[in-house]
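J.: here is a sequence with its predicted model. Questions after.
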Amino acid sequence: MGCITFVLLVLNIIALVAIDIMFWAESAASGLAGVFGIIAFFIGYALSVEVTIAPRDFWVNSAFGIFIKKLGVANMTAFAVWFIGNLIIG
């Protein structure tokens, strides 16, 4: 189980970096906003348990379900910061 979640997390980070490389090819401002989005991804992943996941979820959902929720919160944080960064910078 831990191996699957690690692989999914690494693939998600690789996808974010690949998307950021495409943003840099478009413009430097969009690429910079993508870097802020990647930083926000790590912050969102680290804080997702304290911010969005209720204690009841640990009893009801599996460990993989909790991981998917954490990944969803981190991705939404990254994309929101990227979008706001593009509005402000670019």
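T.: Now that the structure is in, tell me what you want to look at. Numbers count the residues shown, from 1 in each chain.

J.: going forward, measure contacts and count neighbours with C-alpha atoms only.
T.: Noted.

J.: in the helix of greatest length in the chain, which residues are buried?
T.: For the chain, the helix that runs over the most residues, judged by DSSP state H, is helix 63-89. Neighbour-count burial for helix 63-89 flags 66-67, 69-75, 77-79, 81-83, 85-86 (criterion: 16 or more other CA atoms under 10 Å).

J.: how about stretch 44-57?
T.: Buried residues in stretch 44-57, counted by 16+ other CA under 10 Å: 44-45, 48-49.

J.: what is the nearest of the residues you listed to Ala28?
T.: Ala28 lies nearest to Gly44 out of these, by CA to CA, at 24.0 Å.

J.: OK, contacts around that closest one?
T.: Listed by CA atoms under 8 Å, 6 or more residues apart in numbering, the contact partners of Gly44 are 73-75, 77-78.

J.: quick one: list the elements packing against the lowest-mean-pLDDT helix or strand in the chain.
T.: In the chain, the helix or strand scored least confidently by mean pLDDT, DSSP states H and E is helix 55-60, which has a mean of 84. Helices and strands touching helix 55-60, as assessed by 3 or more CA pairs under 8 Å, 6 or more residues apart in numbering; DSSP states H and E, are absent.
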